[in-house]
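>>> Output the structure for:
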Amino acid sequence: MIAVNHAAVLARTCWHLQTTPPLRAAVTPTPTAAAAASTPLPSSRPTHFVALRLPDPGLHEQMRRVQAELIAAEPRAAGCGVPPEKSHLTAFVLTLHSQADIERAQQALRECAALLPGGPHAPHIRVRGLGAFGRDVVFAAVEPGHELGRIGALVEASARLFVDRCGMAAAAHLRAGQWTAHLTLLKTSRVRSRRRPKPCLPTIHTHRDVDFGTHGVWSLELCAMVGRGEAGYYPVLESVLLGAPSAADGGGQGSSGEDGASEGGGGASLKLVNQLLILAGGEGGGGAGGGHAEGRRAGEGGVSVSTY
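Numbers count the residues shown, from 1 in each chain. So this is what the prediction gives:
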């Protein structure tokens, strides 16, 4: 008969039970959980932006001339030119994922006209000289002064209002004092691709003092980045007027500056401003004060803010 050490067997059994992982039942995810796991998170890429349009044809013609001269000096920049019909000063960009997001943004924009300091008359800015953001963007600069200060205050107050109304935490990207007013002339993103090397933008020292003239800033608009709107501009989903021209603004393009850019008269004709009045849902008619008006509503998509 073989003697059995019961104490040793019991000790080995207890050690095995302690070190062997417990068996777990297989868990089959519910259809709802599986769908949630497979649903991609919404993209944070901007889809819309708030802008101050610059519709003066005289400005557009001057932009075309300067773009052509810059590209002639650096042919590798061909294709980088921004169509002058899209001329604007970007206030901030938005990421709008739904129709509800867009409607909240539209409502917020309608409240922005009252945020312009100095009363309901449109600011006038002087566009002079060139600047660059690294090697990616060449832009026409806006001269500092009281009128640009009014616009800067409007931009920052509007960004805060969008945060309050739409809950857009990413609007913190637009910090006080960081907004740079610029009118983009060339940007490499227009032609950049995996198959084509990054284009080379021209140096700007030969055009540092080019004068694009003085121009009225008549409207603040919510625009979609994708698509084509009227007159070659972006699709406008909402627009508010910042003011309309007085009789002193006349209707002409004013006198020409040293480089042929339009001056006097704010740089925008009554016809152009009447078109903006119609776009904003108001009444055209010449000299009457513009101010706040509801605009068209359209588009899909919808929320975050940063400079663009």
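>>> list the contacts for Arg190?
Under the criterion of CB atoms under 8 Å, 6 or more residues apart in numbering, the neighbours of Arg190 are 79-82. Quick note: C-beta positions are derived from backbone N, CA and C, even for glycine.
>>> again, only this time at 10 Å
When contacts are counted by CB atoms under 10 Å, 6 or more residues apart in numbering, Arg190 is found next to 77, 79-83, 184, 199.
>>> Quick check, pLDDT for it.
Note for Arg190: predicted pLDDT of 73.
>>> Could you identify which of the contacts of Arg190 has the most neighbours?
Of these, Cys80 is surrounded by the most neighbours, 26 neighbours in total, counting by other CB atoms under 10 Å.
>>> Thought Val137 was touching it, still the case?
Yes - taking CB atoms under 10 Å as the definition, Cys80 is a contact partner of Val137 at 9.2 Å.
>>> between the two, what contacts are shared?
Going by CB under 10 Å, 6+ apart, residues that sit against Cys80 and also against Val137 are 184-189, 201.
>>> Including secondary structure and distance to Pro117, could those residues go into CSV?
Supplementary listing: these in CSV, determined by DSSP: H, G, I helix; E, B strand; the rest coil; distance: CB to CB, whole Å:
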residue, secondary structure, distance to Pro117
Thr184, strand, 26
Leu185, strand, 29
Leu186, strand, 32
Lys187, strand, 31
Thr188, helix, 36
Ser189, helix, 33
Leu201, coil, 35
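>>> Select, from the contacts of Arg190, the two members most distant in space.
For the contacts of Arg190, the maximum inter-member distance is 16.9 Å, found between Pro83 and Pro199 (CB to CB).
>>> pretty sure Gly118 is touching His146, no?
Yes - the pair Gly118 / His146 is scored as a contact, 8.2 Å apart, by CB under 10 Å.
>>> Identify the contacts common to the two.
Taking CB under 10 Å, 6+ apart as the criterion, Gly118 and His146 do not both touch any residue.
>>> buried ones in the longest strand along the chain?
Ranked by residue count and defined by DSSP state E, the top strand of the chain is strand 124-133. By neighbour count on 16 or more other CB atoms under 10 Å, the buried set for strand 124-133 is 124-132.
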